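Visitor: got a predicted structure here, sequence first:
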Amino acid sequence: MTRDIFQPSGQIQFGIFFQGVNSGTIWKAEQSGSQTDFESFRHIAQTAERGKFAAFFLGEGLRLREHLGRPHALDVVGRPDAQTMLAALAAVTSNIGLVATQNTTYNDPADLAHRLASLDLISGGRAAWNIVTTDNAWTGANFRRGGYLDHADRYKHAEAFVETAKRIWDSWETPSGPARRVRHEGQHYAVDVTPLLPRSAQYRPVLFQAGDSPDGRDFAARQADVIFSAHPKFDNAVEFRRDIVARSIAAGRGANAVQIMPASEFILAATDQEAQDKKAWVRSLQIGPQQAIAYLEQFWGRELSSYDPDGPLPEIDPVVEETSETRGSGFHGAKARQLADQWRAEAKDKGLSIRQFVTSKTARVDATFTGSYTAVADHLAEYARVGAVDGFNISPWLIPTGLDDIVNHLVPELQERGVYPTEYRGTTLRENLGLETPVRSEESVQVR
Amino acid sequence: MSSSEDNKAGFLAIELDGAGYENLARAVLAAESAGFHAATFTDGRVSGRANALQRAAFAGPVTRTIAVVPEVDTVYTEPFHVSTQLASLDYVSGGRAGWIVTAAESPEAAAAVGRSFVEGDALAQEAAASIEVGRRLWDSWEDDAVIRDVATGRYLDVDKLHYADFETPADFAGPGYSVKGPSIIPRPLQGQLPVLAAASLVGDGLVPAGAVDAVLVSAPTPELLAAEIRDVRARLGSSLAIVAELDVVLDSRGEAAASRSLSDTETGRARFVGSAAGLIDLLDALLQEADGVRLHPAVFDAELDELSRLVLPELRRRGSLRAPVQDGTFRELLGLGPAENRYATTASGAGK
């Protein structure tokens, strides 16, 4: 069956991920603008649209990162509500997709589905949902229910949530109704709703998903339209594609049903040498001396400010047995002392100072494309040729001008190579990504 | 210009629900051009109605003058999300956002999110709690918390961030909850967004008058509105801004208002049915009593035509309508001073 054979499109597309937190965004440069003013968002979104970007992504904040028991002070922080900002951007853009990261734990399915349907209608069919799961009680301290979900249950819960949302978006029989009632009784929540909104110009919001564990990948293969992946490096991307194609076929969907857009960062210039120089400058501003020490403090669980950032890793041992979940999602279960030993050995081995070591750990080494516009364009054309990815989701390191050189110089090179769109295919995100219109689920037809 | 110097000049708001979402930009621009000072966005479970806060957010960047004020429920929503959404609305509208607090008395809304139906006194408790969470979170970043101090490597001054540490009171009827904070977005441009609520939700044993900045006052008929406004002022004190609620059906496009009286749906508001001249006299009188009047047009496009052509120009000529201020904040429109920050230690009146 041809449906089971992956067909490369020969094209790549770009998305932009306006991060709003963490060290990837430089705030120390003269060109660093506001993280909250609407003009920063407008400039980025309109620049992206000029470069025919498929999508504009926003993350979701649920609780401020902390460091040794206080809010983390060293990185950019403080971001708007994703859907509110995207509704505003819908008014000043006309083609770009608007992707809201929203968690399935501290939202209600009927409420979230309604708000996403609203965004989809207000934007003329350009909304998408980047589905994330969260389970820690520390985040729950900001919400009515507190922490209630076991880590092991998170995908089961998320999948029931997404199924319910899809039924809500499926519920109108015609553009003028009537709506079918949607009911769900689950372990974690109950929904009984007659949905208020019709289908949008793209039928329903596009679904993005970023989980990378085997469970997360299967979940994406069953439910998502696009995976926001963590595998931008060529060989890894090819391998990840193979894996997702297999899972997608196993889930009864076609080999091309799920698109892949890895997170990435671009450091570009007219020549390779200039780009390398720029990279050194970017890294020095992303990880300053204080950030390097603070990074280690997260794992050591103690103050390390007496250590020289340009000296070796601390010989003193961590005070915590296990890294705490308050420090971010990536550190679950790692034994701090074991990790410290391992890192000291690694740094010594490679002759790295604290700052160099932390830079090597935090910079998106695999996710960074550095080089001249032409060299990077050649490299990306190779991804397009074999279909390693469907596009890249770019995190600019500068706000609000971080896309300017990509749009002005890289995009035309890609267009010249025939691997990047020269026009938007349509006005909806689904059209622009080349996704099929969803088939109405049998389940929603049966539920009365 | 003003023909009567001792006239008190007020403001006019218009409800945009009837404009839907498909022509929202055109509708809100028409309202702004007409000289309305605020656009409100009703929410609640009505088929075909998109989320009010998102409609207000969409309207923000296309306008410069008109305040954008959505209804947001407090019973079946997450107070932390609501606070963030409203702060974000303030940013996308350049400080022109407000919040009409509602407390949904709706079994359907409860069933949709799998919660028990809330009614009676518990509604005001939910509203009061949600307002308190919102206000604490808005203050949880002091205005100058983002310092970008390259020398010390600090983007933030952590001493200017504060935990909200909200707990529902012991007598809270529904399931109690807590909110830790701080907010995930810096303090809104206005410091505190103006909070509005129906006067029937505010007072002793309800939402405390000190928790809101303005109340919406309704009466069964236009004739009874002035007396009701005086009663509410007496009951809640003179520090609250008063906005009178009025449904409007006008003679339009050659049709008499009475013959196009469109629906008999009970809105709980006074309804004016008649000519532009009659409405001008009524609004002129009401604006002497209230700080502002909110109009609910029967058919958005039809009424807006008449209002912008005939009614608002005459009210301005009479000096009973204020001139809209480009880039003014909603706080300024309501006559509220800078919002002090409850957590600020260094200076008072840190808000802008």
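Guide: Great, that's in hand.
Visitor: burial of A:Val401, as a residue count?
Guide: Not quite, residue A:401 is Thr, not Val. Close neighbours of A:Thr401, defined as other CB atoms under 10 Å in any protein chain shown, add up to 15. To be clear about C-beta, it is placed using only N, CA and C from the backbone, and glycine gets the same treatment.
Visitor: ditto for B:Arg26
Guide: For B:Arg26, using other CB under 10 Å, the count is 12.
Visitor: in the host helix or strand of it, what's buried?
Guide: Secondary structure from DSSP states H and E places B:Arg26 in helix B:24-34. Neighbour-count burial for helix B:24-34 flags B:24-25, B:27-28, B:30-32, B:34 (criterion: 16 or more other CB atoms under 10 Å in any protein chain shown).
Visitor: tell me, how many residues neighbour the closest residue to B:Ala103 other than its chain neighbours?
Guide: Leaving aside its sequence neighbours, B:Ala103 sits nearest to B:Leu123 (CB to CB, 6 or more residues apart in numbering or on different chains; 3.9 Å). Neighbour count of B:Leu123, defined by other CB under 10 Å: 21.
Visitor: and B:Ser320, how far from chain A?
Guide: 32 Å (CB to the nearest CB, to the nearest Å).
Visitor: out of the buried residues of helix B:24-34, which is nearest to B:Trp99?
Guide: Using CB to CB, B:Val28 comes nearest to B:Trp99 of those, at 17.7 Å.
Visitor: list the contacts for that closest one?
Guide: Shown in contact with B:Val28 (CB atoms under 8 Å, 6 or more residues apart in numbering or on different chains): B:16, B:19, B:39, B:59, B:62-63, B:66, B:68.
Visitor: need those residues in TSV (columns: pLDDT and secondary structure).
Guide: Below are those laid out as TSV (pLDDT from 0 to 100; DSSP: H, G, I helix; E, B strand; the rest coil):
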residue	pLDDT	secondary structure
B:Leu16	97	coil
B:Ala19	92	helix
B:Ala39	98	strand
B:Ala59	98	helix
B:Val62	97	helix
B:Thr63	98	coil
B:Ile66	98	coil
B:Val68	98	strand
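Visitor: out of the residues you listed, which comes closest to A:Arg417?
Guide: B:Val62 (37.5 Å).
Visitor: wait, that closest one touches A:Ala91, no?
Guide: Yes: B:Val62 lies in contact with A:Ala91 (CB atoms under 8 Å); the separation is 5.0 Å.
Visitor: which of those two has more neighbours?
Guide: A:Ala91 (21 against 17).
Visitor: pretty sure the more buried one contacts B:Ala25?
Guide: Yes: counting by CB under 8 Å, A:Ala91 sits close enough to B:Ala25 to count as a contact (6.1 Å).
Visitor: flag the shaky bits of the stretch 151-300 of chain B, pLDDT-wise.
Guide: The model of the stretch 151-300 of chain B has pLDDT under 70 over residues B:261-262, B:264.
Visitor: tell me the mean pLDDT for the helix holding B:Arg26?
Guide: What helix B:24-34 shows for mean pLDDT is 97.
Visitor: and what of stretch A:10-20?
Guide: So the average pLDDT for stretch A:10-20 ends up being 96.
Visitor: is any residue of that stretch near chain B?
Guide: No: using CB under 8 Å from any CB of the partner chain, we find that stretch A:10-20 stays clear of chain B, coming within 9.1 Å at best.
Visitor: what residues of that stretch count as buried?
Guide: Neighbour-count burial for stretch A:10-20 [16+ other CB under 10 Å]: A:12-20.
Visitor: ok, now stretch B:47-67?
Guide: Buried residues in stretch B:47-67 (16+ other CB under 10 Å): B:49-63, B:65-67.
Visitor: and B:Val248, which of the three is it?
Guide: strand (DSSP: H, G, I helix; E, B strand; the rest coil).
Visitor: list the contacts of it.
Guide: By CB under 8 Å, 6+ apart, the residues touching B:Val248 are B:271-272, B:279, B:295-298, B:303, B:307.
Visitor: from those residues, which ones fall inside strands?
Guide: Mapping the contacts of B:Val248 onto strands (DSSP state E) picks out B:271-272, B:295-297.
Visitor: any of those buried? List them.
Guide: When the ones in strands among the contacts of B:Val248 are checked for burial by 16+ other CB under 10 Å, the buried set is B:272, B:295-297.
Visitor: so which of those residues is the closest to B:Val133?
Guide: Among those, and counting by CB to CB, the member closest to B:Val133 is B:His296, at 29.3 Å.
Visitor: that closest one and B:Asp247 touch, don't they?
Guide: Yes: with contacts counted by CB under 8 Å, B:His296 reaches B:Asp247, the gap being 4.7 Å.
Visitor: in terms of contact, does A:Pro109 touch A:Val191 like I think?
Guide: Yes: assessed by CB under 8 Å, A:Pro109 is found in contact with A:Val191 at 5.4 Å.
Visitor: just to revisit the earlier point, going by distance to chain A, which of the buried residues of helix B:24-34 wins?
Guide: B:Ala25 (6.1 Å; CB to the nearest CB).
Visitor: SS state for B:Phe80?
Guide: Assignment for B:Phe80 (three-state DSSP): helix.
Visitor: is it true that it touches A:Arg145?
Guide: No: if you go by CB under 8 Å, B:Phe80 and A:Arg145 don't touch, sitting 11.4 Å apart.
Visitor: which one of those two has more residues nearby?
Guide: Neighbour count, other CB under 10 Å: between B:Phe80 and A:Arg145, B:Phe80 has more, with 27 against 15.
Visitor: that one: what's it in contact with?
Guide: Neighbours of B:Phe80 in contact, by CB under 8 Å, 6+ apart: A:62, A:106, A:142-143, B:133, B:137, B:179.
Visitor: then A:Ala270?
Guide: Contacts of A:Ala270 by CB under 8 Å, 6+ apart are A:372-373.
Visitor: and the gap between A:Gly211 and chain B?
Guide: 22 Å.
Visitor: no, scratch that, I was asking about A:Ile316
Guide: For A:Ile316, the distance to chain B - CB to the nearest CB - is 22 Å.
Visitor: shouldn't that residue be within a strand?
Guide: No: per three-state DSSP, A:Ile316 lies outside any strand segment and is coil.
Visitor: next, count neighbours for it.
Guide: 12.
Visitor: give me the low-pLDDT residue ranges for the stretch 101-250 of chain A?
Guide: For the stretch 101-250 of chain A, not a single residue meets the criterion pLDDT under 70.
Visitor: shared neighbours of A:Ala91 and B:Ala25, which are they?
Guide: With CB under 8 Å, 6+ apart as the test, A:Ala91 and B:Ala25 both reach B:58-59, B:62.
Visitor: A:Ala160: which of the buried residues of helix B:24-34 is nearest?
Guide: B:Leu24 (33.6 Å).
Visitor: these two touch, right, the closest one and B:Arg55?
Guide: Yes: taking contacts as CB under 8 Å, B:Leu24 lies within contact range of B:Arg55: 6.0 Å.
Visitor: what's the overlap in contacts for these two?
Guide: With CB under 8 Å, 6+ apart, B:Leu24 and B:Arg55 have common neighbours A:122, B:16.
Visitor: got the buried residues of stretch A:10-20 as TSV, with secondary structure and distance to A:Phe56 columns?
Guide: TSV is the format used below for the buried residues of stretch A:10-20 (DSSP: H, G, I helix; E, B strand; the rest coil; distance: CB to CB, whole Å):
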residue	secondary structure	distance to A:Phe56
A:Ile12	coil	17
A:Gln13	strand	12
A:Phe14	strand	10
A:Gly15	strand	7
A:Ile16	strand	5
A:Phe17	strand	8
A:Phe18	strand	7
A:Gln19	coil	12
A:Gly20	coil	13
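Visitor: now flag whichever of those residues is closest to chain B.
Guide: A:Gly20 (9.1 Å).
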